[in-house]
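Asks: what would the 3D arrangement of this be:
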Amino acid sequence: MKNHYLVRALTTAQTLTRTSTFSRRALCSSAAPPSAADVALKNVTTSNFEPALAELRRHVKEADFVSIDLEMTGVTSAPWRESFEFDRPDVQYLKIKDSAEKFAVVQFGVCPFRWDAHSNSFVAHPHNFYIFPRQEIPGDGIAYEFLCQTSSLEFLAKYQFDFNACIYEGISYLSRSQEEEALRRLDFLYKDDIPDSSSNWGKDVDTQLVRMADILFAERMKNKVSEWRAGLLRESNWGSESQGSLNDIKQTFQTTFFHMRPALVVNGLTSRQLKLIKLVTEKHFKDLAYVHVTGEISGSQPLIVYTDSKTDRDLLMREVKACQRKEAEMKIKAAVGFRHVIDLLSSEKKLIVGHNCFLDLAHVYSKFVGSLPLTAEEFVSAIQKYFPYIIDTKVLLNLDDALSRIMRTGSTSLSKAFGLLCPQIAPSFTTSDLADKLRVKVEVQVDDQRFSNWNSGAKHEAGYDAFMTGCVFSQACVHLGIDFNSHTPPLDFPHNENLQKYINHLYLSWMSGDIIDLKTGEPASESLVSSILKRRYMKIVFSNMILLWGPPSKLKARDIRDCFCKVFGTGSVTSIYHLDDTAAFVQFSKTEMVSDFFELKDKLERDNDPISVLHPMSKILEGGGIRAASYDMYKEICSSPVSELVFADQAEAVGIKLKTRVVETAIDVEKKQENEIFNRECEISCHFRTDEVVDSSYQSEAQWSK
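Replies: Residues are numbered from 1 along each chain as shown. All right, here's what the predicted structure looks like:
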């Protein structure tokens with residue numbers, strides 16, 4: 001893979017052994033652990049997941065809101081997939097979708113907050129879940145694969161992330177769609193009645209017994225099983241006699257009962273030998289049945305079971321099949337794992353609070369619900385079914401005038417917001433303009449311990465970041481004029497009038513300032529977005545843009561601007577945006593210049609004459625290495641699951657190999673419609689009109705030749 005700054009991680013159940021001490025040390029962060037004076041965060045792994053989940057259920061049910069945060073193995077699968085100011089909202093979603101599908105979530109922070117009127121404070125219950133996808137259902141054939149971005153791993157290691165706890169003890173999970181698919185496979189596997197396969201086993205035996213060792217083993221097993229069966233029929237005290245008759249096989253066989261029937265336990269044999277025993281049993285003994293069962297204590301156990309008749313034998317096989325199905329269903333339910341937490345948050349319909357959390361929600365949907373929808377509109381409609389009330393504290397900090405003044409219109413990062421709004425809670429006290437303002441008190445409960453001043457020493461762990469997010473939100477509510485004591489618990493945040501204009505509005509892209517309304521799937525109304533959020537860049541008109549890609553030396557911004565201005569006139573190019581060294585967007589001042597450019601490019605590449613060679617545009621197009629497309633082609637390239645490191649390689653990998661690909665723009669369609677109406681209404685003067693069109697075309701060519 002050309003993505004040198006990415007590492008592909010492939011996990012299976014077999015690779016997660018603890019056989020090597022060195023391998024465990026190699027995955028450890030070199031940073032020192034938190035000091036003993038700090039109160040540890042509530043870390044949850046496979047070893048304590050069940051009791052922690054039971055505890056979390058109670059806290060979430062009592063909570064007024066729940067804050068979340070995620071830690072991932074990466075954000076962007078290629079530099080050109082980063083968020084840019086020239087990304088249209090539908091393209092921004094495709095980049096987020098790509099990130100959520102390619103990278104793994106390794107930590108999930110969940111922190112329920114409950115208002116305690118007696119102590120006049122919020123009580124927070126931060127939980128830090130280590131999660132790791134692994135093959136939990138035997139035989140499902142799934143090998144989970146994800147990317148790791150080196151900068152993200154370095155960031156996690158810097159803040160003492162425990163990679164060993166994640167890989168060895170991380171809680172696995174199944175998404176809803178994976179669970180449904182596993183249950184469908186189960187239905188297909190167990191839908192038929194027990195077939196009468198006795199007529200087929202003879203052929204299978206003859207086919208299998210081609211090695212002398214197999215033939216001798218099968219014959220010996222036939223004799224031993226025959227002796228055991230004869231003992232059952234001959235003596236009423238069948239158990240001791242048959243047991244003694246088989247002691248010469250190193251006590252390999254033992255007699256027991258299975259479903260009220262005498263059975264022979266076959267231990268210590270290889271899978272091939274067991275297969276041969278099964279074939280022999282089915283071929284030579286009509287009243288014996290070979291079954292393979294799994295017991296809670298004994299584990300996997302092969303048995304040869306005696307039955308009274310064919311009817312009894314079929315009944316036994318149906319009983320075994322029912323048990324196997326129930327066992328398989330239990331394994332699937334057990335494999336749901338961490339998704340129980342997501343189901344809990346969804347079922348309780350609490351207000352979910354995150355900080356710049358659109359990507360977090362995309363990960364939640366991709367990992368725990370199913371495949372991400374193709375469009376942002378479909379995604380927000382789907383996510384609302386599971387989480388009907390969501391608030392983004394980054395939106396809140398920027399849209400509210402008072403809060404944005406506190407943030408000083410600068411960075412609205414979580415750590416800065418926590419330090420400015422919650423200095424009494426933050427580890428390093430920071431004075432701010434809020435010194436004389438009313439502050440909300442937050443107490444933390446970890447297990448049975450409750451603290452007024454809490455420092456977990458776990459900065460940038462998901463559980464602590466979720467705690468910080470909740471603290472920022474609770475303090476922001478105070479500045480919005482929400483009086484917690486005036487409401488009857490639990491506080492009804494989703495319907496609080498002071499929060500209505502902020503709920504379900506998320507940043508689709510912080511870079512461009514685009515906010516999406518989850519209720520409609522459309523961009524937020526202009527009246528909602530404050531002047532602070534207006535773009536710092538020149539207004540982008542996507543229909544005026546073309547995408548160029550090719551050799552890096554041909555795509556210098558100054559050369560592009562000079563060439564285009566010579567051809568289309570001074571001021572024809574309003575802005576140039578670089579994706580990377582091999583690709584750039586050019587924005588024209590007029591939409592019609594887009595189609596004019598494509599026509600000119602086609603003409604110059606088609607006509608290999610001296611005039612074309614001397615054309616100003618030839619400086620860029622020389623050698624035919626530059627390709628061009630409209631903005632919609634950029635969207636198509638972004639929608640591909642392929643992620644080459646360089647955009648020019650990406651376009652080629654996706655299959656965009658034509659030198660020019662013109663995508664019909666809205667103005668092209670409009671021109672066609674105008675021409676059709678024009679021709680219908682003016683048939684009498686069509687010859688005159690045609691001359692005008694020709695003259696216009698000739699003038700355009702004359703301009704190009706300059």
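Asks: buried residues in stretch 508-517?
Replies: 508-516 (16 or more other CB atoms under 10 Å). (Glycine included, C-beta is placed from N, CA and C.)
Asks: now these in a markdown table, with distance to A322, pLDDT and secondary structure?
Replies: Output for these, formatted as a markdown table (distance: CB to CB, whole Å; pLDDT from 0 to 100; DSSP: H, G, I helix; E, B strand; the rest coil):
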| residue | distance to A322 | pLDDT | secondary structure |
| --- | --- | --- | --- |
| L508 | 50 | 86 | strand |
| S509 | 53 | 79 | strand |
| W510 | 55 | 70 | coil |
| M511 | 57 | 73 | coil |
| S512 | 57 | 73 | coil |
| G513 | 59 | 77 | coil |
| D514 | 54 | 84 | strand |
| I515 | 54 | 88 | strand |
| I516 | 49 | 89 | strand |
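Asks: how about those, which pair is most distant?
Replies: Within the buried residues of stretch 508-517, M511 and I516 form the most distant pair, 14.1 Å apart (CB to CB).
Asks: touching stretch 544-554 from outside, list them.
Replies: Residues from elsewhere that reach stretch 544-554 (CB atoms under 8 Å, 6 or more residues apart in numbering): 86, 555, 560, 574, 579, 581-591, 593-594, 597-598, 620, 622, 625-631, 633-634, 647-648, 651.
Asks: give the contact list for A402.
Replies: Residues counted as contacts of A402 (CB under 8 Å, 6+ apart) are H479.
Asks: which helix or strand lies directly C-terminal to the one helix or strand it maps to?
Replies: Assigned by DSSP states H and E, A402 falls within helix 401-406. Heading C-terminal from helix 401-406, the first helix or strand you meet, by DSSP H and E, is helix 414-421.
Asks: now that next one: buried residues?
Replies: So, applying 16+ other CB under 10 Å, buried residues of helix 414-421: 414, 416-421.
Asks: how about stretch 404-413?
Replies: In stretch 404-413, counting by 16+ other CB under 10 Å, buried: 404, 406-407, 412.
Asks: give the rounded mean pLDDT of it.
Replies: Across stretch 404-413, pLDDT averages out at 76.
Asks: what of stretch 311-331?
Replies: Rounded mean pLDDT across stretch 311-331 is 86.
Asks: and stretch 61-68, by the same measure?
Replies: Mean predicted confidence for stretch 61-68 is 96.
Asks: in that stretch, what's buried?
Replies: For stretch 61-68, by 16+ other CB under 10 Å, it's 63-68.
Asks: using a markdown table, lay out the residues you listed together with secondary structure and distance to A213.
Replies: Compiled in a markdown table, the buried residues of stretch 61-68 are given as follows (DSSP: H, G, I helix; E, B strand; the rest coil; distance: CB to CB, whole Å):
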| residue | secondary structure | distance to A213 |
| --- | --- | --- |
| A63 | coil | 66 |
| D64 | coil | 71 |
| F65 | strand | 68 |
| V66 | strand | 63 |
| S67 | strand | 65 |
| I68 | strand | 60 |
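Asks: what's the most distant pair in these?
Replies: For the buried residues of stretch 61-68, and using CB to CB, no pair is farther apart than D64 and I68, which are 14.7 Å apart.
Asks: any low-confidence regions in the stretch 351-500 of the chain?
Replies: Low-confidence segments of the stretch 351-500 of the chain, defined by pLDDT under 70: 409-410, 427-437, 454-459.
Asks: which stretches of it form helices?
Replies: For the stretch 351-500 of the chain, the helices defined by DSSP state H, counting those that start in this stretch occupy 358-368, 376-386, 393-399, 401-406, 414-421, 462-479.
Asks: isn't H284 right up against K222?
Replies: Yes. When contacts are counted by CB atoms under 8 Å, H284 is listed as touching K222 (5.8 Å).
Asks: which residues are in contact with Y365?
Replies: 100, 372, 379, 382-383, 386.
Asks: now for the residue nearest to L361 when sequence neighbours are not counted, how many residues are close by?
Replies: Using CB to CB, 6 or more residues apart in numbering and skipping the chain neighbours, the partner closest in space to L361 is I383 (5.6 Å). Neighbour count of I383, defined by other CB atoms under 10 Å: 22.
Asks: again, but for the one 3 residues further on
Replies: Counted with other CB under 10 Å, residues neighbouring Y386 total 19.
Asks: same question for the one 4 residues further on.
Replies: By other CB under 10 Å, 23 other residues sit near I390.
Asks: what separates it from M468, distance-wise?
Replies: Taking CB to CB, to the nearest Å as the measure, I390 falls 18 Å from M468.
Asks: just checking: what are the partner strands of the lengthiest strand in the chain?
Replies: When the chain is parsed with DSSP state E, its longest strand is strand 105-116. If you go by DSSP bridges, strand 105-116 pairs up with strand 65-72 (antiparallel), strand 121-124 (antiparallel), strand 127-130 (antiparallel).
Asks: could I get those as TSV with distance to F155?
Replies: Shown next, in TSV, are the strands paired with strand 105-116 (distance: least, CB to CB, whole Å):
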stretch	distance to F155
strand 65-72	9
strand 121-124	25
strand 127-130	16
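Asks: which of those strands sits closest to S347?
Replies: It is, among the strands paired with strand 105-116 and with distance given as CB to CB, strand 65-72, at 12.1 Å.
Asks: list of residues touching the closest one?
Replies: 60, 99, 103-113, 152, 156, 161, 345, 350-355, 357, 360, 363-364, 460-463, 465-467, 469-470, 473, 491, 493.
Asks: so S509 makes contact with S83?
Replies: Yes. The pair S509 and S83 qualifies as a contact (CB under 8 Å) at a distance of 4.9 Å.
Asks: give me the common contacts of the two.
Replies: With CB under 8 Å, 6+ apart, S509 and S83 have common neighbours Q92.
Asks: who does the longest helix anywhere in the chain touch, helix- and strand-wise?
Replies: Ranked by residue count, the top helix of the chain under DSSP state H comes out as helix 310-335. Contacts defined by 3 or more CB pairs under 8 Å, 6 or more residues apart in numbering; DSSP states H and E place helix 310-335 against helix 176-190, strand 288-295.
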